[in-house]
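Next come a sequence and a model predicted from it.
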Amino acid sequence: MASPADSPRPETTATAFAALGTAEPLAGDKSAGHGSQKGEDVVLEVSTMLGRDAGVELTPAVALPVPQVQRAVGTSVPPVDAISKSVEAEILKEMAEVPEEEQQPWIWRVHPSIRAQEDDAYGPKLVSIGPFHHGEESLLPMEQIKLMYLKKLLSRCAENNISNYIRVVRECEPQARRQYAEKVDFGEKEFVKMLVLDGCFIIEYFVKRIFKETRQNSQLSGVRWGFSHLRRDLMLLENQMPFFVLVRLFEQCTIPFVGTRTTPLTLIEITLAFLGVKLPREKHPQADHVHHLLHLHHLCLDPSHVPNKSRRCSSCHLLLYPFKNPINSILFVFLALFYLLKIHKWHRYCCPTKKSKVPRMIPSATHLLTAGIKFKKNNKVGSFVKVSFAGGILEVPVLRVQESTSSELRNLIALEQCCPQVGSYFTSYAVFMDNIIDTEIDVAILKKYEIIESKLGSDEEVAKMFNTLCKGTHLNYEKHSNASLFSDLNAYFDVPHHKWRASLKITYFSNPWSIISLLAGIVLLFFTAVQSYFTVFPRK
């Protein structure tokens, strides 16, 4: 007898029937119950074909009865072409939702490895902006205030029309979806409504801030008491909306002049006023270079990296200046070739062939003092991430540490981790601070030199904050913004006579009494030597 393994598979049976041009027998077919010669011939021929497909030559004795063939062919298999087309359609549909390379998302959820260090630093406490935290129960009270702000914005001028707001948001709705790293599961109606309410709330609040109206309107006191939370919430990476949506909405808003103001407001201007950033108008970032509020904050905290049209134009002007007349062009080319040859020769004969690695660590503030390195606060207006070292002096900008500082720094670092194209300035700064601060003693040293102004409970809390900022993050130690600073600090620290000189200064010149004692000892030693000399060699 044929073993169960030799029994015909449903697919092969169906193929056999198709090859014979015979329809598969149905369970309710009356002809299937007759034992006619024609039915037996069909069974025999089908069984023979099945055996041939399996590499076994069957005899009529092992032919399957018609009912068994019917059970074997009961499963229908879709054609291969239908499966291919179905898979292709699904893949194409999913690919359509993936942004192009030049349209990389800018609004991300913070990675769990980073979030694990301080989960509360990345979630909103008062208001939700965008889809990631929309609808959370603790944030629902602010939805009513968003409607109040929209009503106030519309009442500022008769030209303000909610239909225009909805229209412009619908126009950029597909592009807005692509700004989020995760798929937005909202329908078009819900997504557009959310963007309109969130965008108008932000614009109206910024306008109130610049016109100092938040202190006058008692109906909106719920936001006034929570201003610190509101500012913090608007600086969270997960709590953002695309900046171009704000721009489109602001273009549809008419804001009448208040007081003595005669120039129209710009969105960048009212946003910088909210952030407390004071920059000359010519240094304001271009709106089309800003992706969301946190990104604008990142740009403004380091103005040297703000993409500005006037700066680019002046740079191009300087580059093209040598080619404005033939004599300058020839002279420029000659000097450039001479310079390149000189640099090549110097590099070949004087520079080491093996590139040294940039150190990943630097000593703490306590150890840096033992090497004679002096700390100095930088009072210049600008970014607090700009650190410099020259001539044994480490110059660090002042940092005011308060309750929201940890959340602000962590979200700026998270932005750099998710969007490497913005640079790694804050990650590099955090690594620097993590290195020079090991314990509360190091914090006390930085407070002594007025580099840190802390409003937290203890120096230990400040040390803990900096020691956990960079856990779970990545930094290219060969190319980060403080790479040369790390090398210079370690090179200075490793020179022995710097430590000897510092030790001598601490031991003998740390206070006036030590200096007086040292001078007295030197005078006493001098007179003792003179006395000894005249004792050995008395005058005749």
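Yep, it's here. Numbers count the residues shown, from 1 in each chain.

Can you give me the first-to-last residue distance of stretch 169-184?
In stretch 169-184, first residue to last residue: 16 Å (C-alpha to C-alpha, to the nearest Å).

got it, and stretch 114-121?
Taking C-alpha to C-alpha, the first and last residues of stretch 114-121 lie 10 Å apart.

what's the answer for stretch 287-294, then?
With C-alpha to C-alpha as the measure, stretch 287-294 spans 13 Å from end to end.

wait, residue 121 sits on residue 414?
No. Residue 121 lies out of contact with residue 414 (C-beta atoms under 8 Å); the separation is 9.0 Å. No exception for glycine: its C-beta is placed from N, CA and C like everyone else's.

ok, the two, which is more surrounded?
residue 414 (26 against 20; other C-beta atoms under 10 Å).

For that one, identify the helix or strand it belongs to.
If you go by DSSP states H and E, residue 414 is part of helix 405-418.

Output that helix as PDB, nothing but the C-alphas.
Extracted in PDB, the C-alpha atoms of helix 405-418 (Å, rounded to 0.1, in the frame of the first residue of the first chain):
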ATOM      1  CA  THR A 405      17.900  73.200  33.300                       C
ATOM      2  CA  SER A 406      18.100  69.500  33.300                       C
ATOM      3  CA  SER A 407      15.100  69.100  31.000                       C
ATOM      4  CA  GLU A 408      16.400  71.800  28.700                       C
ATOM      5  CA  LEU A 409      19.900  70.300  28.300                       C
ATOM      6  CA  ARG A 410      18.600  66.800  27.900                       C
ATOM      7  CA  ASN A 411      16.200  67.700  25.100                       C
ATOM      8  CA  LEU A 412      18.800  69.700  23.300                       C
ATOM      9  CA  ILE A 413      21.100  66.700  23.500                       C
ATOM     10  CA  ALA A 414      18.300  64.400  22.400                       C
ATOM     11  CA  LEU A 415      17.800  66.600  19.300                       C
ATOM     12  CA  GLU A 416      21.500  66.300  18.400                       C
ATOM     13  CA  GLN A 417      21.300  62.500  18.900                       C
ATOM     14  CA  CYS A 418      18.200  62.200  16.600                       C
END
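
Residue 111: neighbouring residues, count only.
Residue 111: 13 surrounding residues under other C-beta under 10 Å.

thinking again about what came up before, which strands and helices sit next to the helix holding residue 414?
helix 112-115, helix 293-300, helix 425-436 (3 or more C-beta pairs under 8 Å, 6 or more residues apart in numbering; DSSP states H and E).

List the buried residues for the first one?
Yep, that's helix 112-115 we're talking about. By neighbour count on 16 or more other C-beta atoms under 10 Å, the buried set for helix 112-115 is 114, 115.

what's it packed up against?
Under the contact rule (3+ C-beta pairs under 8 Å, 6+ apart), helix 112-115 is packed against helix 405-418.

got the angle for the helix it packs on vs helix 293-300?
If you take axes from the mean of the first three to the mean of the last three C-alpha atoms, to 10 degrees, helix 405-418 sits at 90 degrees to helix 293-300.

who touches helix 405-418?
For helix 405-418, contacts defined as C-beta atoms under 8 Å, 6 or more residues apart in numbering pick out 108, 110-111, 114, 117-118, 120-122, 181, 232, 235-237, 294-295, 297-298, 301, 399, 422-427, 430, 465, 469-470, 473-474.

And those, which of them are buried?
Here, 16+ other C-beta under 10 Å leaves 108, 110, 114, 117, 121-122, 181, 232, 235-237, 294-295, 297-298, 301, 399, 422-427, 430, 465, 469-470, 473 buried among the contacts of helix 405-418.

do you know how far residue 530 is from residue 139?
Residue 530 sits 86 Å away from residue 139, taking C-beta to C-beta, to the nearest Å as the criterion.

More neighbours: those two, which one.
Legend: neighbour count by other C-beta under 10 Å for residue 530 and residue 139, higher for residue 139 (19 against 10).

what about residue 281, how many neighbours?
By other C-beta under 10 Å, the residues close to residue 281 number 9.

no, scratch that, I was asking about residue 229
Other residues within reach of residue 229 by the criterion other C-beta under 10 Å amount to 15.

Next, the contact list for the spatially closest residue to residue 206 that is not a sequence neighbour, please.
Once flanking residues are discounted, residue 206 sits nearest to residue 270: 4.1 Å by C-beta to C-beta, 6 or more residues apart in numbering. For residue 270, the contacting residues are 203, 206, 207, 209, 210, by C-beta under 8 Å, 6+ apart.

how about the third one, what does it touch?
Residues counted as contacts of residue 207 (C-beta under 8 Å, 6+ apart) are 153, 156, 213, 255, 265, 270.

again, only this time at 7 Å
255, 270 (C-beta atoms under 7 Å, 6 or more residues apart in numbering).

follow-up on the earlier one: can I get the contacts of residue 270 in CSV with secondary structure?
Formatted as CSV, those follow (DSSP: H, G, I helix; E, B strand; the rest coil):
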residue, secondary structure
203, helix
206, helix
207, helix
209, helix
210, helix
